[in-house]
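[1] next input, structure requested:
(one chain, ligands or ions: 1)
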Amino acid sequence: MTTDLTVYTQTAQRFADAFGESFQVNVPISKYTSARVGGSAEMMLIAKSAADLQKAVELACAANIRYTIIGGGSNILVSDRGVRGLVIFNKAKQVQFRHSGASVICTAESGMNLSSLARMCISKGLGGLEWAIGVPGTVGGAVVGNSGAHGGDMNDNLLLATVWEPGRGVRTYSLEDMQYEYRNSVFKREQGNKFKLRRVVLSADLKFKPGSTDVIMARADEFNEKRKKSQPGGATMGSMFKNPENYYAGYLIETAGLKGFRCGGASISEKHANFFLNDGTATAEDIRALIAEAWHTVRDRFGVEMELEVELVGDWDY
Ligand SMILES: Cc1cc2nc3c(=O)[nH]c(=O)nc-3n(C[C@H](O)[C@H](O)[C@H](O)COP(=O)(O)OP(=O)(O)OC[C@H]3O[C@@H](n4cnc5c(N)ncnc54)[C@H](O)[C@@H]3O)c2cc1C
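    Alright, predicted model coming up:
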């Protein structure tokens, strides 16, 4: 797996000089993802601040090395063959609040855990992000995927995103610039294009409405209960497919008779058919086989071609 050896060694040395022990080579990715599968990162860096994140992608661009950002790793399926180039795990977590008229604005670095941010806001009596309680992953991942639940999504919260763009540097994206749709954004639409360097979310400004902590907390508890009742625990990536128009992907997969269907160590949850589980022995290839089975069976039974919500990351070419 590589990139020309000399270039690789020189680049690795440059990263080691710049980031010290935060940089390593040949690191297994599985423990950094919620599905607990996937091969190794050729080079791996833990970014502890937005400044680190920016410096890392600038260095990677200058060295002509591909980079992949992983936040919580909760919406990706990493190939068993791993990921070439530099994988950056985003742990930039600084958060600041300020008043703006009747609202409060929070600037959160993109590696901040979304659910923890929601809890922090509730404890301060700030409403608007309750839907995110229990959604794993980071602010950056949620900004990219327009994550949402219980009728809310990032589209309701985002004021602007501070983004590093290859060739253009740091820019501000307004809500309109994000071109949000259901679990989609201008960033997510680029995921299929493996030749294009990806934009990087450094931080996000989110808006909140002050309110009664008890009322906001009660709403969050209700959402959390619903989640516990309807979703399985364990190693999963959340919803595998987006809900097609007028359907629920889970309903289609369940009605196609696939609940409990298994490929190797991966199975379709008995509790929620749009959740695919790793029993601890699954490979990424097992999960991909399960995706193919569900997709084809649903298309053959109902004529519906489902779209993946989860992104396939790394080396999937044959
Ligand atoms: C149990 C479970 C429940 C879930 N429930 C929900 C739910 O209710 N609603 C929902 O919407 N989702 C849900 N998800 C999916 C997932 O948690 C969200 O999509 C989450 O927002 C992904 O964030 P992440 O940091 O884990 O992204 P990752 O999986 O790390 O990355 C996803 C994509 O975003 C890119 N990315 C991440 N950070 C950045 C950045 N800073 N800049 C640029 N690109 C970036 C990555 O490169 C990748 O392309 C669930 C997942 C699990 C496992």
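[2] what segments of the chain are helices?
    In order along the chain, the chain carries the following helices (DSSP state H): 5-19, 50-62, 114-123, 139-145, 154-157, 175-178, 213-230, 249-255, 284-302.
[3] how about the ones you listed in a markdown table, adding distance to the ligand?
    All C-beta spots, glycine's among them, are computed from the backbone N, C-alpha and C. Converted to a markdown table, those look like this (distance: least, Cβ to the nearest ligand atom, whole Å):
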| stretch | distance to the ligand |
| --- | --- |
| helix 5-19 | 17 |
| helix 50-62 | 7 |
| helix 114-123 | 6 |
| helix 139-145 | 2 |
| helix 154-157 | 8 |
| helix 175-178 | 12 |
| helix 213-230 | 7 |
| helix 249-255 | 12 |
| helix 284-302 | 13 |
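[4] hey, which of those is tucked in deepest?
    The densest packing among the helices of the chain, expressed as mean neighbour count by mean count of other Cβ atoms under 10 Å, is seen in helix 139-145 with a mean of 29.
[5] got the contact list for that helix?
    Applying Cβ atoms under 8 Å, 6 or more residues apart in numbering, the set of residues contacting helix 139-145 from outside is 69, 71-72, 74-75, 90, 108-114, 117, 132, 135, 147, 154, 158, 161, 178, 183-185, 187-188, 200-201, 203-204, 206, 309.
[6] what about it, average pLDDT?
    Mean pLDDT, computed over helix 139-145, is 98.
[7] how about the longest strand seen in the chain, does it reach the ligand?
    Ranked by residue count under DSSP state E, the longest strand found in the chain is strand 200-210. Yes: part of strand 200-210 sits close enough to the ligand to count as contact by Cβ under 6 Å from any ligand atom, namely V200, V201.
[8] can I get the CA coordinates of that strand in CSV?
    Extracted C-alpha coordinates of strand 200-210, given in CSV (Å, rounded to 0.1, in the frame of the first residue of the first chain):
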residue,chain,number,x,y,z
VAL,A,200,-12.3,21.0,5.8
VAL,A,201,-14.6,22.4,8.4
LEU,A,202,-12.5,24.1,11.1
SER,A,203,-15.3,25.4,13.3
ALA,A,204,-19.0,26.3,13.2
ASP,A,205,-21.1,29.1,14.7
LEU,A,206,-24.4,27.7,16.0
LYS,A,207,-27.3,29.8,17.3
PHE,A,208,-29.3,29.0,20.4
LYS,A,209,-32.4,30.4,22.2
PRO,A,210,-32.2,30.8,25.9
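[9] show me what that strand pairs with in its sheet, parallel or antiparallel.
    Strand partners for strand 200-210, identified by DSSP bridges, are recorded as strand 103-109 (antiparallel), strand 126-127 (antiparallel), strand 158-165 (antiparallel).
[10] save the ones you listed as CSV, and put in mean neighbour count, mean pLDDT and distance to M217 too.
    Compiled in CSV, the strands paired with strand 200-210 are given as follows (neighbours: other Cβ atoms under 10 Å; pLDDT from 0 to 100; distance: least, Cβ to Cβ, whole Å):
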stretch, mean neighbour count, mean pLDDT, distance to M217
strand 103-109, 21, 97, 17
strand 126-127, 21, 96, 10
strand 158-165, 20, 98, 23
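[11] show me what contacts V25?
    Applying Cβ under 8 Å, 6+ apart, the residues contacting V25 are A12, E42, M43, M44.
[12] turn those into CSV, including pLDDT.
    Formatted as CSV, the contacts of V25 follow (pLDDT from 0 to 100):
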residue, pLDDT
A12, 92
E42, 95
M43, 96
M44, 97
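[13] which of those sit farthest apart?
    A12 and M44 (10.3 Å; Cβ to Cβ).
[14] one step back: neighbouring contacts of the longest strand of the chain?
    With contact meaning Cβ under 8 Å, 6+ apart, strand 200-210 is reached by 50, 53-54, 57, 69, 92, 100, 102-110, 117, 121, 125-129, 139-140, 143-144, 157-165, 170, 187.
[15] what do you get if the cut-off is 6 Å, keeping everything else the same?
    Under the contact criterion Cβ atoms under 6 Å, 6 or more residues apart in numbering, strand 200-210 has outside partners 50, 57, 69, 103-110, 121, 125-128, 139-140, 143, 157, 159-164.
[16] same question for stretch 5-20.
    T2, F23, V25, M43, L45, A63, I65.
[17] among the residues you listed, which lie within strands?
    F23, V25, M43, L45.
[18] which of those lies closest to the ligand?
    Within the ones in strands among the contacts of stretch 5-20, distances to the ligand taken as Cβ to the nearest ligand atom reach their minimum at L45, with 13.3 Å.
[19] bridging residues for that closest one?
    According to DSSP bridges, the residues that bridge with L45 are F23, I88.
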